[in-house]
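Undergrad: sequence first, then the predicted structure, then my questions.
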Amino acid sequence: MALYPFIRPLIFRLDAERAHLLTIGLLGLRTGTAFTPEPGWTPTLETSVAGLRFPNPIGLAAGFDKDARVFGPMLNLGFGFVEVGTVTPRPQEGNPKPRLFRLEEDRAVINRMGFNNEGQAAAGKRLEWRCGKGIVGVNIGANKDSADRIADYVAGVRAMSPVARYITINISSPNTPGLRQLQDEEALRALLSAIEEARPADGPPIFLKVAPDLGEDEPEQIVRVAMEHKIDAIIVANTTVSRPPLKSRFAREQGGLSGAPLKPLALKALRDFRAASGGKLPLIGVGGIATADDAWERIRAGASLVQLYSAMVYEGPGIARRIAAGLVERLKREGFANIAEAVGTE
Ligand SMILES: Cc1cc2nc3c(=O)[nH]c(=O)nc-3n(C[C@H](O)[C@H](O)[C@H](O)COP(=O)(O)O)c2cc1C
């Protein structure tokens, strides 16, 4: 029986950031437990992307486990992979509180956390100690007060390559002023060529995470530059700065919006990237995914993998297993032997 519907009202009595810290604390109590070999392994959902074998395609998106404290328990809950971070070279506080808001009526979240994190060295140590298998990627960013943002990403690639199964270059957070300008063609070229030079020959694959708020030509430009510089996959997308109609009293809070209202935007962005890449560059679909139907739609639209965060706040930690079960059913119903066959078939 699912317990979360009973626990949720208690958690929702706390403000959103306290609730998050409590959840991380409780999950962390389980860090010492031994991992079962591959808790999320589902034969028909197993898939390979960028040379990595994923036990299922449902990942935990960046921002939940910023400091790499609970990736073990999250894998044990059935996620096929976990992306920790964003971590920056130096620790930083992030923005003043309150900076995290639950928009309950909208099944959404607004956050302007601003890369609060303990820094790459601290996360690196926790990742080094990890035992067992499981795909844990590391999402990296630049410090807010950095004089040279490209140097911060290069430092991140060097520091995290030894402990990450993949690295995500996050240039799409709306909460570090100016960061998203790194998506502009010339800036992106400068960034990705520096990263290409810095990445170790035997290092992990490198993914690029983009915003859902792009201009018409940008997906095509980004795909071209990414492929020129050997990026292994693109994650579409981060939170939006746009405000579709919302009911909650927090609708006007500044920051990035995620959850249900982001779904149509993120799906459109994914389709744009699929059209621009013609299936030559793996895509990871994120934004408003809450059900197996949502995940299936994203996979049919071209996502090799999916990730989620906000829906877990509303549906609880059993969500990965529920979506996996739903996907297995759909594969059977539609006559596919494996999830990889369904990618881009819409
Ligand atoms: C509280 C919160 C913090 C987040 N922090 C990060 C972050 O540090 N780095 C990042 O790349 N994305 C971050 N995200 C964005 C998510 O990874 C994801 O792209 C976005 O929330 C859309 O997915 P969802 O609708 O399933 O939440 C954050 C999202 C939320 C709700």
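TA: Alright, I've got the coordinates. Here the structure is a predicted model, which is why all the values come from computation and not from measurement.

Undergrad: what kind of secondary structure is residue 83 in?
TA: Secondary structure assignment for residue 83 (DSSP: H, G, I helix; E, B strand; the rest coil): strand.

Undergrad: how many neighbours does it have?
TA: Using other CB atoms under 10 Å, residue 83 has 32 neighbouring residues. C-beta here means a position set from N, CA and C on the backbone, and glycine is covered the same way.

Undergrad: so it sits against residue 135, correct?
TA: No - assessed by CB atoms under 8 Å, residue 83 is found out of contact with residue 135, at 9.1 Å.

Undergrad: got a list of what residue 305 touches?
TA: By CB atoms under 8 Å, 6 or more residues apart in numbering, the contact list for residue 305 reads 47, 49, 54, 57, 58, 59, 80, 81, 233, 282, 284, 285.

Undergrad: for the second one, give me its contacts.
TA: Residue 49 is in contact with 233, 282, 284, 304, 305, counting by CB under 8 Å, 6+ apart.

Undergrad: ok, now the last one?
TA: Residues near residue 285 by CB under 8 Å, 6+ apart: 236, 266-267, 270, 295, 298-299, 301-303, 305-307.

Undergrad: also the third one?
TA: Contact criterion CB under 8 Å, 6+ apart gives 46, 47, 48, 80, 81, 135, 305 as the residues in contact with residue 54.

Undergrad: so what's it closest to, chain neighbours aside?
TA: Computed as CB to CB, 6 or more residues apart in numbering, the closest residue to residue 54 that is not its neighbour in sequence is residue 80, at 4.8 Å.

Undergrad: list only buried entries from the contacts of residue 54.
TA: Buried members of the contacts of residue 54, counted by 16 or more other CB atoms under 10 Å: 46, 47, 80, 81, 135, 305.

Undergrad: secondary structure, pLDDT and distance to the ligand added to those residues, as TSV?
TA: Below are these laid out as TSV (DSSP: H, G, I helix; E, B strand; the rest coil; pLDDT from 0 to 100; distance: CB to the nearest ligand atom, whole Å):
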residue	secondary structure	pLDDT	distance to the ligand
46	coil	95	22
47	strand	97	20
80	coil	96	15
81	strand	97	13
135	strand	95	16
305	strand	98	13
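
Undergrad: can you tell me if stretch 252-271 touches the ligand.
TA: Yes - residues of stretch 252-271 are located near the ligand by CB under 6 Å from any ligand atom, namely 258, 259, 262.
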